[in-house]
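S.K.: Return a 3D structure for these sequence lines:
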Amino acid sequence: MVDLISARRLPLADVPPLAATALSMAPLLPQARFVLRARPAAQAAIGQALGVALPTLVCRANVAGNRAALWLGPDEWLVLLLLPDGGAETLPAAFAVAAEGAPYSLVDISHRQSGLSLSGPQAATVLNTGCALDLDLAAFPVGMCTRTLLGKADITLWRTSETTFHIEAWRSFLPYVWQFLQEAAREFLV
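M.R.: As a prediction, the model looks like this:
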């Protein structure tokens, strides 16, 4: 029988990265992704079990080593294992112990969505062709993240440096997001 999980292809597997002086765009490697929902009583302990504190500031991300937690709502986070470290399969058991009976939910969405990186001095300009957020550094600083729309696609947008954005989207929408950004960046990719 065919192992469908190992046979899974990344949505942008055949797409080469784009690079120019003002802008670069590249698909991200496979990462473990989880949606975590937890009540305040369990948040600190779960963050400790994860190895990165769950952000409590609205629309902020915390990073520790190869793990990140992005605030999506008052009791919801997107958890990313930024580099494959073999720790994804141990998270559910570690969280169960840490929560000590407090209700929480951990859903593996690694196969549902994927990501790409957009960087360079024109990255915010390109994103603003289809995203209504004010991406000026003062309004959307490094470490800020949010759910938003890019064109007609629902994305999670995270500013990881002054000129770099991490974009998460459902894998079926990622080719659309890639083509949308490629078209918006055409003038910068010469």
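S.K.: For the rest of this, base every contact and every neighbour count on C-alpha atoms.
M.R.: Fine.
S.K.: Could you count how many residues lie near residue 25?
M.R.: Neighbour count for residue 25, taken as other CA atoms under 10 Å: 22.
S.K.: what's near enough to touch it?
M.R.: 17, 18, 19, 116, 117, 118, 119 (CA atoms under 8 Å, 6 or more residues apart in numbering).
S.K.: Could you identify the helix or strand that succeeds whichever strand or helix holds it?
M.R.: Assigning secondary structure by DSSP states H and E places residue 25 in strand 24-27. Where DSSP H and E defines the elements, the next helix or strand beyond strand 24-27 is strand 32-38.
S.K.: hmm, who's touching that next one?
M.R.: Outside of strand 32-38, the residues that reach it under the criterion CA under 8 Å, 6+ apart are 75-82, 84, 88, 103-110.
S.K.: Of these, which qualify as buried by neighbour count?
M.R.: 76, 77, 78, 79, 80, 81, 82, 88, 104, 106, 109, 110 (16 or more other CA atoms under 10 Å).
S.K.: of these, closest to residue 178?
M.R.: Among those, residue 110 lies closest to residue 178 (CA to CA), at 18.8 Å.
S.K.: What separation is there between the spatially closest residue to that closest one that is not a sequence neighbour and residue 78?
M.R.: Taking CA to CA, 6 or more residues apart in numbering, and ignoring the residues beside it in sequence, residue 110 has residue 33 as its nearest neighbour in space, at 4.6 Å. Plainly put, residue 33 is 7 Å away from residue 78 if you go by CA to CA, to the nearest Å.
S.K.: Out of the buried ones among the contacts of strand 32-38, which one has the weakest pLDDT?
M.R.: Checking pLDDT across those, the minimum falls on residue 82 at 71.
S.K.: these two touch, right, it and residue 69?
M.R.: No. Under the criterion of CA atoms under 8 Å, residue 82 lies out of contact with residue 69, with a separation of 10.3 Å.
S.K.: what distance separates the start and the end of stretch 82-102?
M.R.: Between the opening and closing residues of stretch 82-102 lies a distance of 27 Å (CA to CA).
S.K.: thought residue 161 was touching residue 142?
M.R.: Yes. Contact criterion CA under 8 Å: residue 161 and residue 142 qualify, at 5.3 Å.
S.K.: Those two: who's more crowded?
M.R.: Set side by side, residue 161 and residue 142 show more neighbours around residue 142, with 18 against 15, by other CA under 10 Å.
S.K.: Show me what whichever strand in the chain runs longest is in contact with.
M.R.: When every strand of the chain is counted residue by residue (DSSP state E), the longest turns out to be strand 153-161. Counting by CA under 8 Å, 6+ apart, strand 153-161 makes contact with 61, 140-149, 165-170, 173, 176-177, all of which sit outside it.
S.K.: And for stretch 167-186?
M.R.: Under CA under 8 Å, 6+ apart, the answer for stretch 167-186 is 10-12, 23, 111-118, 126-127, 129, 150-151, 153-158.
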